[in-house]
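A.B. asks: let me see the structure of the following:
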Amino acid sequence: MGTITQRKLVNGAIRFRAEIRINRKDLPAYKESKTFGSKRVATNWLVQRETEIEQNPEILFGQEDIIDLTLSNAILKYLAEVGSEYGRTKIYSLKLIQKFPIARHIITKIKATHIAEHVALRKVGIDSLGLTPVASSTLQHELLHIRGVLSHAAVMWDIDIDLNAFDKATSQLRKTRQISSSQKRDRLPTNEELLALTKYFAQKWHNATYSYPMHLIIWFAIYSCRREAEITRMELGDFDSYNHSWKIRDLKNPTGSKGNHKDFNVLPSCQKIVELLSKIEVRERMLKRGYSENNLIPLSPKTIGGEFRKACKLLGIDDLKFHDLRHEGCTRLAEQGFTIPQIQQVSLHDSWGSLERYVSVKKRKAVVMIEQLDEFFDETY
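C.D. replies: All right, here's what the predicted structure looks like:
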């Protein structure tokens, strides 16, 4: 990262110029140099300065950068300071925003027209980035993420940003239905779909090189009511066998997931899937993927989601997402007569309002239960 060059002055004196240049993909271009009379001193300064930059990446954003900070660089600085407090979804969204034209504007000069142009662009898709049109609810989330960066810049970096103008622009976009809140999703898998998926994945498990016991994972998602990413973070040491509860670390939360640890109740049906996942032959195959042996399901959440989508496509199952299995689990609890507080003890929803859809459901005549799946589970071991 740093270099030292020697030069001779007119009077014959030797000087050593230490220079640091940083040109990284996700950081603004940075250059710093100092001249010394001794190579040893120049080398010591270089090592010390490189260490300081490594430990404090905000150094890369000098005062000149702060004055004319683009949204893209503001996002970099924001993530360097507080990114560790948020989950991968928000971080991914912010990094994606950096690729759009709006990210090239200086944050003090972002106007309503720039926001409107961003919304219009996202609604038609961006072929060059391989991005298809997005829903109005996704756009609202993106604008909220942008506002979060601007608000942080105004308060923490003392930059004069007109947040009222930003809010007026988003309010008008909301009135004209260009952006909106997420619609409640009520898609649940049918009995036929669940059986088809279980059979398909059980057959794939017959291949000794296949490391993803998806026929167990989909049912664990239902009976634990856990999100895709949470499933692969669950640590074996966090299971309380006496109280039948399991700690979920850094649980997703609008105010930040870091340190938000909560325990969920492990019901008997969920416990049975845990026992199947804990079998030596199952764990040995999962651990071949190289993830931590401390996790119950040491696999990649992205691959789990990808396997589920591919299976749905092959089986002709339309508009079913892995997250719908969480809704299926909550619905089953409501159908069994669980109260909202009791459902919360499993699903770990923060508010009662987010569970309202489940308490008013009519009990389905019949749903596939774990006892009906033994043929798929037993034949794979």
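
A.B. asks: wait, doesn't His114 sit right on Ile102?
C.D. replies: Yes: using C-beta atoms under 8 Å, His114 makes contact with Ile102 at a distance of 5.4 Å. Every C-beta, even on glycine, is put in place using the N, C-alpha and C of the backbone.

A.B. asks: the more surrounded of the two?
C.D. replies: When His114 and Ile102 are compared for neighbours, Ile102 comes out ahead with 22 against 16, by other C-beta atoms under 10 Å.

A.B. asks: what kind of secondary structure is the more buried one in?
C.D. replies: At Ile102 the chain is in helix, as set by DSSP: H, G, I helix; E, B strand; the rest coil.

A.B. asks: again, but for Gly305
C.D. replies: helix.

A.B. asks: what sits against it?
C.D. replies: Listed by C-beta atoms under 8 Å, 6 or more residues apart in numbering, the contact set of Gly305 reads 228, 322.

A.B. asks: got it, and Ser211?
C.D. replies: With contacts defined as C-beta under 8 Å, 6+ apart, Ser211 is in contact with 285-286, 288-289, 299.

A.B. asks: now list the buried members of those residues.
C.D. replies: For the contacts of Ser211, a burial check counting by 16 or more other C-beta atoms under 10 Å picks out 285-286, 299.

A.B. asks: now do the helices in the stretch 1-150 of the chain.
C.D. replies: 39-55, 63-67, 71-82, 88-97, 112-124, 136-156 (DSSP state H, counting those that start in this stretch).

A.B. asks: buried deepest among those helices, which one?
C.D. replies: helix 71-82 (a mean of 21; mean count of other C-beta atoms under 10 Å).

A.B. asks: that one to helix 112-124, inter-axis angle?
C.D. replies: Calculated by axes from the mean of the first three to the mean of the last three C-alpha atoms, to 10 degrees, helix 71-82 forms an angle of 90 degrees with helix 112-124.

A.B. asks: average pLDDT for helix 71-82, rounded please.
C.D. replies: For helix 71-82, mean pLDDT rounds to 88.

A.B. asks: just checking, what packs against that helix?
C.D. replies: When contacts are defined as 3 or more C-beta pairs under 8 Å, 6 or more residues apart in numbering; DSSP states H and E, helix 71-82 sits against helix 88-97, helix 136-156.

A.B. asks: lowest-pLDDT helix or strand in this protein?
C.D. replies: helix 63-67 (a mean of 53; mean pLDDT, DSSP states H and E).

A.B. asks: which residues of the stretch 151-300 of the chain score low on pLDDT?
C.D. replies: Applying pLDDT under 70 to the stretch 151-300 of the chain picks out residues 254-257.

A.B. asks: wait, a strand at Ile222?
C.D. replies: No: using three-state DSSP, the assignment for Ile222 is helix, not a strand.

A.B. asks: which element is the closest residue to it other than its chain neighbours on?
C.D. replies: With C-beta to C-beta, 6 or more residues apart in numbering as the criterion, Ile222 has its nearest non-adjacent residue at 4.4 Å, and that residue is Gly329. Using DSSP states H and E, Gly329 sits in helix 324-335.

A.B. asks: CA atoms only: put that helix into CSV for me.
C.D. replies: Presented in CSV, the C-alpha positions along helix 324-335 are these (Å, rounded to 0.1, in the frame of the first residue of the first chain):
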residue,chain,number,x,y,z
ASP,A,324,-43.7,-18.4,3.6
LEU,A,325,-42.8,-21.5,5.6
ARG,A,326,-42.5,-19.2,8.7
HIS,A,327,-46.0,-17.9,8.0
GLU,A,328,-47.1,-21.5,7.7
GLY,A,329,-45.7,-22.3,11.1
CYS,A,330,-47.4,-19.3,12.8
THR,A,331,-50.7,-20.2,11.1
ARG,A,332,-50.5,-23.8,12.4
LEU,A,333,-49.9,-22.5,16.0
ALA,A,334,-53.0,-20.2,15.7
GLU,A,335,-55.0,-23.1,14.3
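
A.B. asks: for it, which outside residues touch it?
C.D. replies: Contacts for helix 324-335 (C-beta under 8 Å, 6+ apart): 185-189, 218, 221-227, 342-343, 346-347, 349, 355, 358-359, 361, 363-364, 367.

A.B. asks: quick check: next helix or strand after that helix?
C.D. replies: Reading on from helix 324-335 to the C-terminus, the next helix or strand found by DSSP H and E is helix 340-347.

A.B. asks: list the buried residues for stretch 203-219?
C.D. replies: By neighbour count on 16+ other C-beta under 10 Å, the buried set for stretch 203-219 is 204-205, 211-219.

A.B. asks: the residues you listed in helices, which ones?
C.D. replies: 204-205, 214-219 (DSSP state H).
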